[in-house]
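Peer 1: Take a look and give me a structure for this.
(one chain, ligands or ions: 2)
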Amino acid sequence: MNLQDSKNRTKLNIIHVDMDAFYASVEEQDNPRLKGLPVIVGGLSNHGIVTTANYEARKYGVHSAMPIFMAKKKCPKGCFIPPRMKRYRDVSKEVFSILYDFIDLIEQVSIDEAYLDISKIAMEPIEIVMKIKEKVMLNTGLTMSVGISYNKFLAKLASDWNKPNGIKVITEDMIPEILLPLHIRKVHGIGPKSAKKLNDIGIYNIKDLLELSEDFLIELFGKAGMEIYSRIRGIDYRKINTTRERKSLGVERTFQEATNDRTTLVGYIEKFSEELSYDLKNKGIQGRTITLKIKDENFTVQTRSKTLNEYINNFSQIFDIALELLDEIEINCKIRLIGITSSNLMTSELEQLSLFD
Ligand code: TTP
Ligand code: MG
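Peer 2: Ligands and ions are numbered 1, 2, ... in the order given. Below you'll find the predicted structure:
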């Protein structure tokens, strides 16, 4: 599907990703016996509340923030699991590091949710999304739902459209039809209290809401009224606020066959240095530290680093340093993995700034 050629005039450069039943899916992944069963993650005691439930448990009417005792009534055969926050945070980091492999402009909204700005990427949005979903599935076994559109509001609406494991594209020509029938609670900024205010005057869906003037909405909700007026017309100018800077960029691979042949290892290091240099240049970044990591067939990991006074991203310097680092490592058995990473990064834009300073 070539979206750029389709009727829409506005570029589809905003993606919203949201992991499906995140904590519960991590539990299922870590314990395959849970597969297919209703899984409810939440406080151990009956006084606790449900943090999340997988889609199987949701069929019984169990949902986030429901008291555990009620969830037990609704779904007596459910598997109730206490939360393991550290594990979820680790998996979240893994997922985000996959996202950063594809895109630099990321706004992390929560542990399992992010907006991506793909306007600088020369690939069809759907192609990027398929690649991300595939890699996340391969590395973590988890599914995510993805919305593609031309602003944040519509991208988030889209990611929620076909949950779980969904992909939904909202193009400009789908507006206003797609918005008209939606319940007002789908509009970011309309919480339960605002919804009640609107219900009281007979407003239930966006079609009703579109009848109200901007002035009236401002009177009702203050400044937020202006935003609501725009959102329901498909307008949202919020930028992606990148919440994290990339800390390192690297190339790492496990070999099909472990080896301790120096020529073969040097061959790999040459290839990886080339790839790393290409990635750094592509992203306009340079690094001051090069790290070589090797893992042997006993899974022992050794790393060596070198930090320079200057920032580099060219192949020959990276390759030379990586070879120096290889010589510092004592190799006693066959190697199964090599990684080369550049850290202490600086973007070329910053470099230009410092030149002007
Ligand atoms: P959500 O993305 O809202 O929910 P979810 O990923 O479990 O399910 P889905 O997106 O498929 O609808 O939240 C992400 C995680 O955040 C969720 O797994 C558990 C946690 N969470 C809470 O701790 N408290 C809450 O009230 C909610 C809603 C989620
Ligand atoms: Mg989620």
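Peer 1: all contacts plus neighbour counts: C-alpha atoms, from now on.
Peer 2: OK.
Peer 1: what residues are up against I269?
Peer 2: F319, A322, L323, I338, I340 (CA atoms under 8 Å, 6 or more residues apart in numbering).
Peer 1: what about it, which helix or strand?
Peer 2: Counting by DSSP states H and E, the element that carries I269 is helix 262-283.
Peer 1: roughly how far out does the helix or strand hosting Q317 sit from the chain middle?
Peer 2: Using DSSP H and E, Q317 falls within helix 315-328. Put simply, helix 315-328 sits 33 Å off its chain's centre (CA atoms, centre = their mean, to the nearest Å).
Peer 1: Residue numbering should commence at 36 henceforth.
Peer 2: Understood, numbering begins at 36; the last thing we discussed is helix 350-363.
Peer 1: Which SSE is immediately downstream of that helix?
Peer 2: strand 370-382.
Peer 1: re the thing from before, so what strands line up beside whichever helix or strand comes after the helix holding I304?
Peer 2: Going down the chain from helix 297-318, the next helix or strand is strand 320-331, by DSSP H and E. Here strand 320-331 is paired, per DSSP bridges, with strand 336-347 (antiparallel), strand 370-382 (antiparallel).
Peer 1: Just name the most buried of the ones you listed.
Peer 2: Among the strands paired with strand 320-331, ranked by average contacts under mean count of other CA atoms under 10 Å, first place goes to strand 370-382 (a mean of 21).
Peer 1: Now do that strand, average pLDDT.
Peer 2: Average pLDDT, strand 370-382: 92.
Peer 1: if we can go back for a sec, quick check: mean pLDDT of the helix holding I304?
Peer 2: 93.
Peer 1: Go ahead and measure how far that helix is from the middle of the chain.
Peer 2: In terms of CA atoms, centre = their mean, the centre of helix 297-318 is set 27 Å apart from its chain centre.
Peer 1: Do a quick rundown of the strands in the stretch 86-235 of the chain.
Peer 2: Remark: strands assigned in the stretch 86-235 of the chain by DSSP state E, counting those that start in this stretch are 114-116, 141-145, 148-152, 179-184, 202-204.
Peer 1: Look up how far ligand 2 lies from K232.
Peer 2: Separation of K232 from ligand 2 (CA to the ion, to the nearest Å): 28 Å.
Peer 1: Kindly state the pLDDT recorded for S145?
Peer 2: 92.
Peer 1: what about it, how many neighbours?
Peer 2: 9 (other CA atoms under 10 Å).
Peer 1: Also V74?
Peer 2: Neighbours around V74, by other CA under 10 Å: 28.
Peer 1: Report the spatially nearest residue to it, omitting neighbours in sequence.
Peer 2: Leaving out its chain neighbours, the residue that sits closest to V74 by CA to CA, 6 or more residues apart in numbering is C114, at 4.8 Å.
Peer 1: Just say helix, strand or coil for R268.
Peer 2: coil (DSSP: H, G, I helix; E, B strand; the rest coil).
Peer 1: Looks like it contacts I210 (just checking).
Peer 2: Yes - at 7.5 Å, R268 and I210 qualify as touching, with contact defined as CA atoms under 8 Å.
Peer 1: The residue lying closest to I219 once chain neighbours are set aside: neighbour count?
Peer 2: In space, and not counting its chain neighbours, I219 is closest to N240: 4.9 Å by CA to CA, 6+ apart. N240 is flanked by 20 other residues according to other CA under 10 Å.
Peer 1: Look at the residue in the stretch 36-185 of the chain positioned nearest to ligand 2 and report its pLDDT.
Peer 2: Minimum separation of the stretch 36-185 of the chain from ligand 2 (CA to the ion) falls at M54, amounting to 4.1 Å. M54 is assigned a pLDDT of 98 by the prediction.
Peer 1: That one reaches S180, doesn't it?
Peer 2: Yes - counting by CA under 8 Å, M54 does reach S180; the two are 6.1 Å apart.
Peer 1: ranges for the helices of the stretch 36-185 of the chain?
Peer 2: Using DSSP state H, counting those that start in this stretch, the helices of the stretch 36-185 of the chain run over residues 57-65, 90-93, 103-109, 120-137, 160-175.
Peer 1: Ok, which of those comes nearest L72?
Peer 2: helix 90-93 (6.4 Å; CA to CA).
Peer 1: quick one: that closest one near ligand 2?
Peer 2: No - Helix 90-93 is not in contact with ligand 2 by CA under 5 Å from the ion; minimum separation 11.3 Å.
Peer 1: Could you list everything M54 pairs with in the sheet?
Peer 2: Residues in a beta bridge with M54, per DSSP bridges, are M179.
Peer 1: how many neighbours does it have?
Peer 2: For M54, the count of nearby residues is 23 (other CA under 10 Å).
Peer 1: Give me whichever of the helices of the stretch 36-185 of the chain is most buried.
Peer 2: For the helices of the stretch 36-185 of the chain, the highest mean count by mean count of other CA under 10 Å goes to helix 57-65, at a mean of 22.
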